[in-house]
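J.: my questions concern the predicted model and sequence given below.
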Amino acid sequence: MARKKIALIGAGMIGGTLAHLAAKKEMGDVVLFDIAEGMPQGKALDLSQCGPIEGFDAKITGTNDYADIAGADVVIVTAGVPRKPGMSRDDLLGINLKVMKAVGEGIKNNCPDAFVICITNPLDAMVWALREFSGLPHNKVVGMAGVLDSARFATFLAWEFDTSVKDVNAFVLGGHGDTMVPVLSYSTINGIPVADMAKIKGVSESRLDEIVDRTRKGGGEIVGLLGNGSAYYAPATSAISMAEAYLGDQKRILPCAAHLTGEYGVDGLYVGVPAVIGADGIEGVVEIELSDEEKNNLQVSIDAVKELLEACKGLDSSLA
Ligand SMILES: NC(=O)C1=CN([C@@H]2O[C@H](COP(=O)(O)OP(=O)(O)OC[C@H]3O[C@@H](n4cnc5c(N)ncnc54)[C@H](O)[C@@H]3O)[C@@H](O)[C@H]2O)C=CC1
Ligand SMILES: O=C([O-])CC(=O)C(=O)O
């Protein structure tokens with residue numbers, strides 16, 4: 001069987017990390033695309049030279065030509081600009097929307113059968129715009145955020161309960177902004193609801209609220225610490241798990257920005273929900289029961305995403 005082809009659009013911090021992970025896991029041959037000349041070629045050369053040490057068989061190439069992503073099975077998009085301290089993700093909308101237009105056309109013209117994972121921020125608006133510009137089926141274009149946000153939530157819960165992260169199953173719904181909805185009622189420590197574990201361990205409700213708040217602001221915390229750029233190791237790892245679910249037809253239920261057509265009362269938007277990823281891309285959305293408070297919080301997050309889509313339509317009339 002021929003090797004799969006993974007195209008990475010954007011060869012910056014996340015793009016380079018994605019290339020390394022994809023090669024190390026032998027997911028397929030990797031093409032790193034960027035508009036910066038020389039940079040993707042340089043990273044590809046450097047990463048290729050990990051091969052003899054790590055013992056992976058994967059061809060890694062760098063390019064500035066969209067023709068080289070032809071026939072890709074998976075495309076992961078990180079092209080664009082990250083935020084700086086003091087900025088919100090939404091401040092990136094204008095600049096990254098133009099990038100999505102170019103990337104969407106590149107994908108449409110070269111690999112229209114690919115499964116496309118968008119990472120560029122502001123995520124829920126950019127994945128929607130990328131889908132519009134590329135014209136690919138909605139089930140083949142998805143946004144990565146929920147896996148990352150849930151991993152942050154899980155990390156903080158594991159630290160609080162002094163337990164292995166392997167036993168924590170934490171869950172975040174909604175848009176990838178400060179209004180995201182970490183859902184404690186569906187988060188467990190090896191099946192034990194977090195609320196029960198909190199009682200056992202003497203963790204107060206207000207402490208759990210602090211963990212929820214830290215999760216919501218998890219991206220900003222790292223932006224503030226790095227001083228230049230944003231998180232990249234965990235974002236890349238998250239997207240790789242989604243690509244693996246597709247390539248391996250794993251039917252994993254992963255929180256991701258999926259196109260909704262009525263689920264959760266939402267029509268025509270991309271919002272973070274539990275979605276099944278398999279060989280057909282997004283094969284379904286799982287609708288879970290939420291409390292009134294959780295529903296209200298989700299609505300706030302959905303409204304924030306809607307506002308961003310209106311802003312996109314105002315900036316690019318082809319989206320209106
Ligand atoms: N969805 C999520 O959970 C997360 C999203 N992000 C977002 O991911 C994006 C990328 O982050 P990093 O890799 O850290 O940024 P980076 O700045 O290191 O890399 C971005 C790359 O995109 C390239 N680029 C710019 N315009 C392009 C175009 N038209 N075509 C192709 N490439 C182009 C740049 O030359 C640069 O190499 C940012 O928008 C960031 O906010 C970051 C972390 C998590
Ligand atoms: O916070 C940012 O700008 C990058 C991002 O989306 C994250 O790390 O969650």
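T.: All right, it came through fine. Ligands and ions are numbered 1, 2, ... in the order given.
J.: near ligand 1, which residues of the stretch 1-150 of the chain?
T.: 9-15, 34-36, 78-83, 92, 96, 99, 102-103, 119-121, 123, 144-145, 148 (Cβ under 6 Å from any ligand atom). In this view, the C-beta of every residue, glycine as well, is placed from N, C-alpha and C.
J.: among the residues you listed, name the ones that also lie close to ligand 2.
T.: 82-83, 121, 148.
J.: which of the residues you listed sit farthest apart?
T.: R83 and L148 (15.0 Å; Cβ to Cβ).
J.: the more surrounded of these two?
T.: L148 (25 against 18; other Cβ atoms under 10 Å).
J.: how much space between that one and A23?
T.: According to Cβ to Cβ, to the nearest Å, L148 and A23 sit 21 Å apart.
J.: distance of E26 relative to D46?
T.: Taking Cβ to Cβ, one finds E26 at 18 Å from D46.
J.: now, the residues of the stretch 1-150 of the chain next to ligand 1 that are in strands?
T.: Those of those mapping onto strands are I9, per DSSP state E.
J.: derive a ChimeraX selection command for the buried subset of the residues of the stretch 1-150 of the chain next to ligand 1.
T.: Only the buried entries of those go into this ChimeraX selection, using 16 or more other Cβ atoms under 10 Å:
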select :9,10,11,12,13,14,15,34,78,79,80,81,82,83,92,96,99,103,119,120,121,123,144,145,148
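J.: quick one, helices of the stretch 201-320 of the chain?
T.: Per DSSP state H, counting those that start in this stretch, the stretch 201-320 of the chain carries helices over the ranges 205-216, 218-226, 233-247, 292-315.
J.: just the ones you listed: most buried one?
T.: Per-stretch averages of neighbours, counted by mean count of other Cβ atoms under 10 Å, single out helix 233-247 among the helices of the stretch 201-320 of the chain, with a mean of 21.
J.: follow-up on the earlier one: mind putting the helices of the stretch 201-320 of the chain in TSV, distance to ligand 1 and mean pLDDT included?
T.: Conversion of these to TSV gives the following (distance: least, Cβ to the nearest ligand atom, whole Å; pLDDT from 0 to 100):
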stretch	distance to ligand 1	mean pLDDT
helix 205-216	13	97
helix 218-226	6	97
helix 233-247	4	98
helix 292-315	13	96
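J.: now the end-to-end length of stretch 138-153.
T.: 28 Å (Cα to Cα, to the nearest Å).
J.: what's the answer for stretch 164-172, then?
T.: 19 Å.
J.: and for stretch 79-98?
T.: So stretch 79-98: terminal residues 10 Å apart, Cα to Cα.
J.: can you check stretch 4-24 too?
T.: 14 Å.
J.: and the residue of the stretch 201-320 of the chain closest to ligand 2?
T.: Evaluated by Cβ to the nearest ligand atom, the stretch 201-320 of the chain has G219 as its residue closest to ligand 2, separated by 2.3 Å.
J.: contacting residues around that residue?
T.: Going by Cβ atoms under 8 Å, 6 or more residues apart in numbering, G219 touches 89, 176, 230-231.
J.: how does it look with 10 Å?
T.: G219 sits next to 82-83, 88-89, 121, 145, 148-149, 152, 176-178, 180, 230-231, 234-235 when contact means Cβ atoms under 10 Å, 6 or more residues apart in numbering.
J.: now do it against D149, distance only.
T.: 8 Å.
J.: could you find the closest non-adjacent residue to A258?
T.: A275 (4.2 Å; Cβ to Cβ, 6 or more residues apart in numbering).
J.: please disregard the earlier target; I meant K59.
T.: For K59, the spatially nearest residue (Cβ to Cβ, 6+ apart) is D29, at 4.2 Å.
J.: that neighbour against G51, yeah?
T.: No: using Cβ atoms under 10 Å, D29 is not in contact with G51; the gap is 11.7 Å.
J.: name the residues contacting each of these two.
T.: With Cβ under 10 Å, 6+ apart as the test, D29 and G51 both reach 23, 57-60.
J.: nearest residue to the closest residue to ligand 1 within the stretch 1-150 of the chain other than its sequence neighbours?
T.: Of all residues in the stretch 1-150 of the chain, G12 sits closest to ligand 1, at 1.8 Å by Cβ to the nearest ligand atom. Once flanking residues are discounted, G12 sits nearest to T78: 6.4 Å by Cβ to Cβ, 6+ apart.
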